[in-house]
Structures are given as structure tokens and as C-alpha cells.
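[1] my questions are about this predicted structure, shown below with the sequence.
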Amino acid sequence: AQKITQTQPGMFVQEKEAVTLDCTYDTSDPSYGLFWYKQPSSGEMIFLIYQGSYDQQNATEGRYSLNFQKARKSANLVISASQLGDSAMYFCAMRGGGTASKLTFGTGTRLQVTL
Amino acid sequence: EAGVVQSPRYKIIEKKQPVAFWCNPISGHNTLYWYLQNLGQGPELLIRYENEEAVDDSQLPKDRFSAERLKGVDSTLKIQPAELGDSAVYLCASSSSAGARELFFGEGSRLTVL
């Protein structure tokens, strides 16, 4: 079974500052993928970044980077230079090995960017 | 390119009434998902389609929920009869294949059961 844990229900960050959203996971699959999604108030889930379990380097996508620590089973999202538009819910998710494996989400972290 | 389209965006019904949600995935996407998102929670998979075949419906409460994707394109999720606990957001997503990295989500259908 797969499990995603996000322990921060809410976070505040000032505009232009960096923020780290925590995510830990548990799985018995040797191969898996980790994802971060953003959910603004409009409701849709927007894919941000992906990290494969065998990737040697941490994933980066623009202002988003994933701090992947395999031994600790953590996959924290770092947002640099926060913008007001970054205010949203952020979900960490994982998918185990194989195309039949479903995407399992955490409970999310609400990020509020302030002036 | 149009994204995943869902309707209705909002639906309010009384308990024991039926309700249906419609989803049109991104053109060419063979894999379609229905997710349930309760308030304050992450989405949970209800059913996954590969073309017109439901390949994972283990989390779908089959006593009252049903889904179909007859022509392998758009899909309908039905609840009959609805219960108070069904109040939630129903998200549809699609991907080019089952192994595709990125799922594209619609804006969801928010159901309130009174």
C-alpha cells in the first residue's frame, strides 16, 4: 500500500520569499514516481513537477524544485520567489511501479502568499 | 487545445435523488479517471478507464454509483440514490495513456446533497 503524508495544513510566506512544503511517503514498490499538484480556488488540479525514484538529480521546473531524499522517504516542494498567484492548495502524490498503479494523494497544504 | 471539460460545475439535490456528472477528456487521451475529493482531503480514485473499458473500479461504491464511457471518449458518472455523505467534488482527469506522467484535470463538479 502507498501512503502520502503532508503534515502542514497551512503555510504563510511573504511575496518573493522561498517556501518549502513537506511531503513524506511510504511504499514497498522499488520503482515509483512522486508528483506535486497545485489546486487553486477554481478547483482544477495543475501538475507542477515530477520525480522518479531512480532519478539521480532533483527535479526542477522553473520556480519549483523537488527536494528528494530517498532514504528519508521525503519529497518536499520548494517554491522560490513566491508570488501572490501561488496562493493555493498543494498536493503531494505518488504512483507505484507499473502502469496499473493509481495516483495516491496526500491531504494537501494550503499556501497563502502575503505582501 | 481544450482542457478536460466537466459539467455541471455545481449541483444541489435532495437526498435519495439521482445525479449525473459528465466529463469530456482532452482529445486523443485514452485514459480517463474519476476522482472523489472530500472537503479538506486529497482526491481519491473512483474508477479508471482505458478507452471504453473500466480497468480499475475497485473504489467505486457499486451499490449506488455507476459510470460509463461508451465510445471511449466522454464519460458519465451517476449516483442513484444520493446520500448526504456523497457531498463532495467529483474530479475528472485524462492522460494520453495509463503510464503517462501527467494527468490533466477538469475543474470538478461540486455536489451538495441536502
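    Okay, I see it.
[2] now the closest residue to A:I46 other than its chain neighbours, which residues is it bridged with?
    The shortest distance from A:I46 to any non-neighbouring residue, by CB to CB, 6 or more residues apart in numbering or on different chains, is to A:K38 (4.6 Å). From N, CA and C alone the C-beta is placed, and that goes for glycine too. With DSSP bridges as the criterion, A:K38 is bridged to A:I46, A:Y90.
[3] residue contacts, A:K38?
    Taking CB atoms under 8 Å, 6 or more residues apart in numbering or on different chains as the definition of contact, the neighbours of A:K38 are A:45-46, A:48, A:86, A:88-91.
[4] let's go with 7 Å and repeat that
    In this structure, A:K38 makes contact with A:46, A:48, A:88, A:90, judged by CB atoms under 7 Å, 6 or more residues apart in numbering or on different chains.
[5] wait, the second one touches A:P40, no?
    Looking back up the chat, that one is A:L48. No. Between A:L48 and A:P40 there is no contact, the gap being 11.9 Å when judged by CB atoms under 7 Å.
[6] of these two, who's got more company?
    The residue with the greater number of neighbours, taking A:L48 and A:P40 and applying other CB atoms under 10 Å in any protein chain shown, is A:L48; the counts read 19 against 14.
[7] could you confirm the more buried one falls within a strand?
    Yes. A:L48 forms part of a strand when assessed by DSSP: H, G, I helix; E, B strand; the rest coil.
[8] for A:E61, see how far away it is.
    7 Å (CB to CB, to the nearest Å).
[9] please apply the same query to B:L32.
    In this structure, B:L32 and A:E61 are separated by 25 Å, where distance is defined by CB to CB.
[10] and those two? which has more neighbours close in?
    Neighbours of B:L32 and A:E61, each counted by other CB under 10 Å, are more numerous for B:L32; the result is 28 against 12.
[11] show residues contacting the host helix or strand of the more buried one.
    Per DSSP states H and E, B:L32 falls inside strand B:31-37. Contact with strand B:31-37 is made by B:23, B:25, B:43-50, B:67, B:69, B:75, B:77, B:88-95, B:97-98, B:103, as judged by CB under 7 Å, 6+ apart.
[12] now swap in stretch A:77-86 and tell me
    Under the contact criterion CB under 7 Å, 6+ apart, stretch A:77-86 has outside partners A:13, A:15-21, A:23, A:36, A:63-67, A:90, A:111, A:113.
[13] among these, which ones are in strands?
    Secondary structure of those is defined by DSSP state E; positions in strands are A:13, A:19-21, A:36, A:64-67, A:90, A:111, A:113.
[14] could you give me the ChimeraX syntax to select whichever of those are buried?
    Buried members of those can be picked out in ChimeraX with the line below, counting by 16 or more other CB atoms under 10 Å in any protein chain shown:
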select /A:13,19,21,36,64,65,66,67,90,111,113
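[15] from the ones in strands among the contacts of stretch A:77-86, which is closest to B:A82?
    When these are compared for distance to B:A82, the smallest value, 30.3 Å, is given by A:Y90; criterion: CB to CB.
[16] quick one: the closest one and A:L111 touch, right?
    Yes. Between A:Y90 and A:L111 a contact is recorded at 5.8 Å, counting by CB under 7 Å.
[17] intersection of neighbour lists for those two?
    In the contact map built from CB under 7 Å, 6+ apart, the residues linked to both A:Y90 and A:L111 are A:L21.
[18] that older thread, by pLDDT, rank the contacts of A:K38 and give me the bottom one.
    Across the set of these, A:I46 stands lowest in pLDDT, at 93.
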